[in-house]
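In: the sequence isn't on hand, but the structure is:
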């Protein structure tokens, strides 16, 4: 079997399983077909089947198996905290069509809290973007993106309805080397509620993200607010290898 054919079969099997889980054919707790059943269904060797199953385990959709039948754990797409990846690429990896509806893009002076987050002086120019993100044309997340002008000038010249801002920055030579994320919950405000088509106060999964160059310069400070039934996040840990996750207190009035 050629490498190209193996890749095609892996993609086909992974797409079939993701779609079946997402559309409810396999529910959380259900057993998946065995390796042997999948090899027969797709006229495949065990290699592409095992590779597809491994990918879905990494995505948090199915259990590890290990001597027992693999079961569905969740039908909500999950994004790993261990990866530096754009929303668009995450959707593509999960066989979902990403979309965006830009509400506004503006250049403005940074207020005190934003300036502190971006490590720039108060009043320095920043570029801010307010967008609704979609998964298969369904409202999923509201994002508020903020960039120092050094990097934001690329955003001003980009059609933010056309796709991934992250990819555009990379294409323009910006070195997105690492990110930090803080995750909590927040009630939908009027803007969030209108865009996501939910009542004001609906709990949202919030991810506050900062991106850095390899030299440590801050590229972005952003606030993403997801419908919790549309997305989840995972973090992989190994015993004896402490993770970088930190637990902090929060103002319960924001939740």
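Out: Nice, I can see it. Every value quoted in this text rests on a predicted model; they were computed, and no experiment measured them.
In: surely residue 53 is in a strand?
Out: No: Residue 53 sits outside any strand when classified using DSSP: H, G, I helix; E, B strand; the rest coil, being helix.
In: that one: what's it in contact with?
Out: When the contact criterion is Cβ atoms under 8 Å, 6 or more residues apart in numbering, the partners of residue 53 are 17, 32, 35, 62, 65, 70. Where C-beta positions appear, they are placed from N, C-alpha and C, glycine not excepted.
In: how near is it to residue 69?
Out: Remark: distance between residue 53 and residue 69 (Cβ to Cβ, to the nearest Å) = 11 Å.
In: any shared contact partners between these two?
Out: With contacts taken as Cβ under 8 Å, 6+ apart, residue 53 and residue 69 have residue 32 as neighbours in common.
In: narrow the contacts of residue 53 to those that are buried.
Out: 17, 32, 62, 65, 70 (16 or more other Cβ atoms under 10 Å).
In: quick check: the two most widely separated of these?
Out: Maximum pairwise distance in the buried ones among the contacts of residue 53, criterion Cβ to Cβ, is 13.2 Å, between 17 and 65.
In: just the buried positions in the helix or strand where residue 167 lies, please.
Out: Here residue 167, judged by DSSP states H and E, is contained in helix 165-171. Counting neighbours by 16+ other Cβ under 10 Å, one finds that the buried residues in helix 165-171 are 165, 166, 168, 169.
In: point out the least confident member of those, please.
Out: When the buried residues of helix 165-171 are compared on pLDDT, residue 166 comes out least confident, at 90.
In: mind listing what that residue touches?
Out: Under the contact definition (Cβ under 8 Å, 6+ apart), the residues listed for residue 166 are 86, 88, 89, 176.
In: about what we covered before: which one of the contacts of residue 53 is nearest to residue 188?
Out: Top of the list for closeness to residue 188, among these and by Cβ to Cβ, is residue 62 at 30.8 Å.
In: what about the contacts of residue 53, which are in helices?
Out: Using DSSP state H, the subset of those located in helices is 17, 35.
In: about what we covered before: any chance of the buried residues of helix 165-171 in TSV, plus distance to residue 201?
Out: As requested, those are arranged in TSV below (distance: Cβ to Cβ, whole Å):
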residue	distance to residue 201
165	29
166	31
168	34
169	34
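In: closest to residue 49 among those residues?
Out: residue 166 (32.0 Å).
In: need the helix or strand of this protein with the lowest average pLDDT.
Out: For the chain, counting by mean pLDDT, DSSP states H and E, strand 78-80 ranks last in confidence among helices and strands (a mean of 58).
In: C-terminal to it, what's the next element?
Out: helix 87-93.
In: buried ones in that following helix, by neighbour count?
Out: By neighbour count with 16+ other Cβ under 10 Å, helix 87-93 contains the buried residues 87, 88, 89, 90, 91, 93.
In: quick one: average pLDDT of that helix?
Out: Throughout helix 87-93, pLDDT has a mean value of 82.
In: what is that helix packed up against?
Out: Of the remaining helices and strands, those touching helix 87-93 by 3 or more Cβ pairs under 8 Å, 6 or more residues apart in numbering; DSSP states H and E are strand 98-109, helix 165-171.
In: nearest to residue 11, of the buried residues of helix 87-93?
Out: Closest to residue 11 out of the buried residues of helix 87-93 is residue 93 (10.9 Å), distances taken as Cβ to Cβ.
In: measure that closest one to residue 18 for me?
Out: Taking Cβ to Cβ as the measure, residue 93 and residue 18 are separated by 10 Å.
In: just the buried residues of helix 87-93 now: which is nearest residue 195?
Out: Checking these against residue 195 by Cβ to Cβ gives residue 87 as the nearest, at 14.9 Å.
In: if I pick the closest one, what's in contact with it?
Out: If you count contacts by Cβ under 8 Å, 6+ apart, residue 87 has them with 98, 133, 141, 143, 164, 224.
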